[in-house]
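Novice: return atomic coordinates for the entry below.
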Amino acid sequence: MSDSVAGLLLELYETDRTTAYSNLLVGFVFGAYVILYGTSLYILLRNDGMVRSVPRLFMLVVSTATFALGLIALVLETSLAFQQFAHQLSPSSGSLWSPRRTNVVVAVCATITYFVFILTDLVCAWRAAVLWNYDRRVVAVLALFILGSTVAAGSDLGLCLPTVLKSSNGPPQSASGMTIGNPRAMIMIGPTLATNFLSTSLIGIQLWCKRRVLFSYLSRSSAAIKAEKVLAMLVESGFAYCCIWILYLISIYRVLPDPWFAVMNASLLYISGLYPTIIIIFVVSRKSPTFTITEQRASVHFSNRPRFATVEMRIPTSTIYSDCEEAHTDSEMTVLHSPSLHPRDKQ
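Specialist: Alright, predicted model coming up:
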């Protein structure tokens with residue numbers, strides 16, 4: 001019996017290596033997802049953080065929702081694959097699911113996939129909005145892009161679900177817009193890609209602006225360097241995520257070899273769920289002992305010697321590490337200022 005199973009496994013591998021590679025990548029990505037989700041859960045819950053912070057609660061709810069949905073999809077897809085394998089192993093056992101049951105599983109997995117995509121877009125847009133101090137123009141544009149992603153996902157689901165559920169021979173391969181050669185792929189993927197690209201670009205602009213402000217007035221302090229690293233990692237991970245979507249899009253139109261689409265299609269749901277978890281770890285784990293929220297007030301006190309002045313300046317910054325505390329922090333530094341360098345003293 002074991003020899004026949006091993007022989008069948010080898011035969012399946014030889015005839016469908018793409019599926020084997022897809023399953024291997026899914027296992028690797030989801031394993032990393034479990035580890036990172038556990039890490040983010042520990043970071044969010046430590047030191048009674050949930051008691052003091054609404055943003056922590058938001059991040060916990062979103063990360064838990066994406067992980068739970070991904071786990072449900074993985075269980076359903078694995079169950080479907082195993083029953084198909086069992087049917088190939090023993091066709092007379094009657095282990096193959098009915099077409100109706102298979103259609104329901106495929107429909108649920110498709111719905112979960114699109115919902116996770118929207119949640120990921122929401123986290124990316126929220127992070128950008130926080131860094132821009134919830135500027136109305138930025139929030140309005142991001143909300144418009146999120147709405148576009150939601151409408152695109154809902155439209156594609158509305159078109160494919162009736163076809164899948166009514167099929168009597170199992171789910172048709174071309175029902176969803178995210179299939180090879182389907183012209184609806186651009187309509188579905190375009191808004192999501194645009195939302196993530198816009199959010200990452202907005203974070204990149206903040207990285208450039210805040211880097212100049214922080215290092216001009218506060219020198220290269222450890223807090224400023226840590227802030228720069230957090231923003232840089234957010235930008236790099238965001239553009240890497242956009243590149244994954246671009247590769248997936250071009251694989252749909254057969255620009256890349258066929259195995260690319262099958263492998264990426266199997267793992268894209270878990271990669272999308274993994275991305276907001278990485279954002280949460282970046283933001284929360286690299287916070288400073290005192291959070292930098294909304295605006296940092298820097299008081300520059302000059303010497304009390306004759307003809308020396310005391311000047312106070314406000315350096316606008318945005319939430320860099322985490323908006324997990326709703327309080328402002330003050331940063332003070334003492335410098336020696338020569339009156340000959342003051343513009344008003346030269347007049």
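Novice: report pLDDT for Leu25.
Specialist: On pLDDT, Leu25 comes in at 82.
Novice: go ahead and confirm it touches Ala266.
Specialist: Yes - between Leu25 and Ala266 there is a contact under C-beta atoms under 8 Å: 6.8 Å. Bear in mind the C-beta positions are built from the backbone N, C-alpha and C, glycine included.
Novice: quick one, which of those two is more surrounded?
Specialist: Between Leu25 and Ala266, counted using other C-beta atoms under 10 Å, the more crowded position is Ala266 (19 against 16).
Novice: tell me the contacts of that one?
Specialist: 22-23, 25-26 (C-beta atoms under 8 Å, 6 or more residues apart in numbering).
Novice: what's the neighbour count on the closest residue to Ile189 other than its chain neighbours?
Specialist: Leaving aside its sequence neighbours, Ile189 sits nearest to Leu249 (C-beta to C-beta, 6 or more residues apart in numbering; 5.1 Å). Counted with other C-beta under 10 Å, residues neighbouring Leu249 total 19.
Novice: what's the longest helix in this protein?
Specialist: Looking across the chain with DSSP state H, the single longest helix is helix 54-89.
Novice: surely the residue nearest to Ile189 and Ile187 touch.
Specialist: No - using C-beta under 8 Å, Leu249 is not in contact with Ile187, being 11.3 Å away.
Novice: other SSEs contacting whichever helix or strand comes after the longest helix of the chain?
Specialist: Per DSSP states H and E, the first helix or strand lying C-terminal to helix 54-89 is helix 99-131. Secondary-structure packing of helix 99-131 (3 or more C-beta pairs under 8 Å, 6 or more residues apart in numbering; DSSP states H and E): helix 54-89, helix 136-166, helix 184-217, helix 222-252, helix 258-285.
Novice: any idea how far Cys242 is from the closest residue to Val235 other than its chain neighbours?
Specialist: Distances taken as C-beta to C-beta, 6+ apart place Gly204 nearest to Val235, at 4.6 Å, with adjacent residues excluded. Taking C-beta to C-beta, to the nearest Å as the measure, Gly204 falls 12 Å from Cys242.
Novice: between those two, which has more neighbouring residues?
Specialist: Higher neighbour count among Gly204 and Cys242: Cys242, with 21 against 18, using other C-beta under 10 Å.
Novice: report pLDDT for that one.
Specialist: With respect to pLDDT, Cys242 has a value of 92.
Novice: isn't it right next to Asn196, touching?
Specialist: Yes - using C-beta under 8 Å, Cys242 is in contact with Asn196, at 5.3 Å.
Novice: joint contacts of those two?
Specialist: Joint contacts of Cys242 and Asn196 (C-beta under 8 Å, 6+ apart) do not exist.
Novice: Asn133 looks like it's in a strand, true?
Specialist: No - per DSSP: H, G, I helix; E, B strand; the rest coil, Asn133 lies outside any strand segment and is coil.
Novice: that one: how many residues sit nearby?
Specialist: Other residues lying near Asn133 total 16 when counted by other C-beta under 10 Å.
Novice: distance check, it against Gln206.
Specialist: 10 Å.
Novice: what's the answer for Phe197, then?
Specialist: For Phe197, the distance to Gln206 - C-beta to C-beta - is 15 Å.
Novice: more neighbours, these two?
Specialist: More crowded of Phe197 and Gln206, by other C-beta under 10 Å: Gln206, with 22 against 18.
Novice: close enough to count as contact, the more buried one and Trp132?
Specialist: Yes - using C-beta under 8 Å, Gln206 is in contact with Trp132, at 6.8 Å.
Novice: how many neighbours does Ala129 have?
Specialist: 19.
Novice: neighbours around the residue nearest to it when sequence neighbours are not counted, how many?
Specialist: Excluding its sequence neighbours, the residue lying closest to Ala129 (C-beta to C-beta, 6+ apart) is Val139, at 5.2 Å. A count of neighbours around Val139, defined by other C-beta under 10 Å, yields 16.
Novice: same question, Ala140
Specialist: For Ala140, using other C-beta under 10 Å, the count is 10.
Novice: check the one 4 residues further on too.
Specialist: For Leu144, the tally of surrounding residues (other C-beta under 10 Å) stands at 12.
Novice: count the neighbours of Val62 for me.
Specialist: A count of nearby residues for Val62, using other C-beta under 10 Å, gives 20.
Novice: right, and it touches Val123 too?
Specialist: Yes - Val62 lies in contact with Val123 (C-beta under 8 Å); the separation is 5.7 Å.
Novice: got a pLDDT number for the nearest residue to Trp245 once chain neighbours are set aside?
Specialist: Using C-beta to C-beta, 6+ apart and skipping residues adjacent in sequence, the residue nearest Trp245 is Leu193, 4.7 Å away. The model reports Leu193 with a pLDDT of 92.
Novice: residues contacting Leu193?
Specialist: Counting by C-beta under 8 Å, 6+ apart, Leu193 makes contact with 242, 245-246, 249.
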